[in-house]
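# starting from these lines, generate the structure:
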Amino acid sequence: MDFKSRLAYFRNNILIILLVSLPIPLATLVLPSLRVLPGPATVGVLADFGNFCLAIPFLLTFFIFRYIAIPCLIIGFIIGRKGNIIALIGLVLLIIWLGQEASWRGTYKIRTWAMHKAAGRSEPIINALKQFKEKNGSYPVGLEELIPYHLSNIPDTGMSHYRKYEYTKKSEYHEAGGYELWIKTPIGGINWDVFVYWPSENYPSRMKGGSVERISKWAYVHE
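Prediction:
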């Protein structure tokens, strides 16, 4: 079977190829993104379940598919008509692999956008903490002390799964500058990513056991 015939074979089976290969990359893009997009908490729970289901395809893609996709395509082309199925499998695995690579990059951009939004939504809290210190001489022990004189309520982060701002008062001599505002942002599995704000806005390159990425005035800590 020549090259043109092989392409014709792929075209004739394009629907099967897409139905088999695209669901995993699309799920890899959509499900993790649901965690950081606005919505009810149930959306985050659904995303967690979906990410759990994606664990096996992720491992297969990372450790197997990426290494056998192109060899399957080459072998399928070499051995002629009998290699149609092998070449078809190779093409499906190649689309899954490249699709997941693109989806991971897309998910990262969506998470970064959502973290920028969460940083912006924290401004009323940060301003209220500053006002509280100016009035009382120190930062509060908990965010609830800001209500009702400085805030009518504590805003949420705007993310379906990481909804709550956490707060810890620190020593005035701590490098944080008096307190730490943070959001738990694990990406799934055994992961402890966290999004942190220090009033000093002076973050080290590594903290809390992970590398630091500056996002707006905050620091995203990659475990």
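
# could you list the low-confidence segments of the protein?
1-3, 6, 188-189 (pLDDT under 70).

# what segments of it are strands?
For the chain, the strands defined by DSSP state E occupy 166-169, 179-184, 194-197, 206-207, 210-215, 218-222.

# in the longest helix seen in the chain, what counts as buried?
If you go by DSSP state H, the chain has its longest helix at helix 84-121. By 16 or more other C-beta atoms under 10 Å, the buried positions in helix 84-121 come out as 84, 86-97, 99-100, 103, 106-107, 110-111, 114-115, 117-119. Where C-beta positions appear, they are placed from N, C-alpha and C, glycine not excepted.

# next, count neighbours for residue 48.
By other C-beta atoms under 10 Å, 17 other residues sit near residue 48.

# got the buried residues for stretch 213-222?
215, 216, 218, 219, 220, 221.

# tell me the contacts of residue 57?
Counting by C-beta atoms under 8 Å, 6 or more residues apart in numbering, residue 57 makes contact with 24, 28, 96.

# tell me the one of the residues you listed nearest residue 200?
residue 28 (37.0 Å; C-beta to C-beta).

# excluding chain neighbours, what is closest to that closest one?
residue 103 (4.0 Å; C-beta to C-beta, 6 or more residues apart in numbering).

# the one you found contacts residue 23, doesn't it?
No. With contacts counted by C-beta atoms under 8 Å, residue 103 stays clear of residue 23, the gap being 11.3 Å.

# grab the nearest non-local neighbour of residue 44.
The nearest residue in space to residue 44 (C-beta to C-beta, 6+ apart) is residue 161, at 2.9 Å.

# that neighbour touches residue 33, doesn't it?
No. Residue 161 lies out of contact with residue 33 (C-beta under 8 Å); the separation is 10.5 Å.

# of those two, which one has the most company?
Comparing residue 161 with residue 33 by other C-beta under 10 Å, the one with more neighbours is residue 161, at 21 against 18.
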